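What follows is a predicted protein model with its sequence.
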Amino acid sequence: MLQRQQQQQLQEEAMGTSMGTILHLIIVIIITVICALFNITSLISVGIPAIICSSMAYRNKKKEKYATAKKLGYMAYFLSLFNIIFTAIFAIMAIIATSFSFMS
């Protein structure tokens, strides 16, 4: 009788552990998908305009329009910097959220 109770208790603990692991896996997948969507959004909304500004600055420099090229170059620089910072923030948030989900 005692062995049967111990076996049943071990089975319940094993089920709880596996359910907890599945829950953590689902949380990590959701966080990863959200961060991937934000990074793709950042690439589309900030990265592509930075590339366009950079190419326009290069063309204006070849045409010897240095003032316009300088403005476009700085704009491309700041857009790229914003894209890097934005992506880093969401990567750090994903790491923190994932580590908290495994701590519980």
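That came through fine.

how much space between residue 91 and residue 64?
Here the distance between residue 91 and residue 64 works out to 41 Å (Cβ to Cβ, to the nearest Å). (Each C-beta comes from the backbone N, C-alpha and C, glycine too.)

any idea of the pLDDT on residue 12?
pLDDT, the model's per-residue confidence, is 64 for residue 12.

Please apply the same query to residue 76.
The predicted local confidence for residue 76 is 94.

In which helix or strand does it reside?
Counting by DSSP states H and E, the element that carries residue 76 is helix 66-103.

now residue 5
With elements delineated by DSSP H and E, residue 5 resides in helix 2-42, which encompasses its position.

Can you list the low-confidence ranges for this protein?
Of all residues in the chain, those with pLDDT under 70 make up the ranges 1-2, 6, 10-20, 101-104.

Spatially central residue for the chain, please.
A centroid search over the chain (Cα atoms, centre = their mean) returns residue 35, at 3.4 Å, as the residue closest to the centre.

Could you count how many residues lie near the residue nearest to it when sequence neighbours are not counted?
Leaving aside its chain neighbours, residue 35 sits nearest to residue 94 (4.3 Å; criterion: Cβ to Cβ, 6 or more residues apart in numbering). Around residue 94 sit 18 other residues, with neighbours defined as other Cβ atoms under 10 Å.

distance of residue 94 from residue 80?
21 Å.

What residues sit buried inside stretch 54-63?
For stretch 54-63, a neighbour-count test (16 or more other Cβ atoms under 10 Å) marks 54, 56, 57, 60 as buried.

oh sorry, the question was meant for stretch 83-99
Residues of stretch 83-99 classed as buried: 83, 86, 87, 90, 94, 97, 98 (neighbour count, 16+ other Cβ under 10 Å).

same thing with stretch 61-80?
By neighbour count with 16+ other Cβ under 10 Å, stretch 61-80 contains the buried residues 69, 72, 73, 75, 76, 79, 80.
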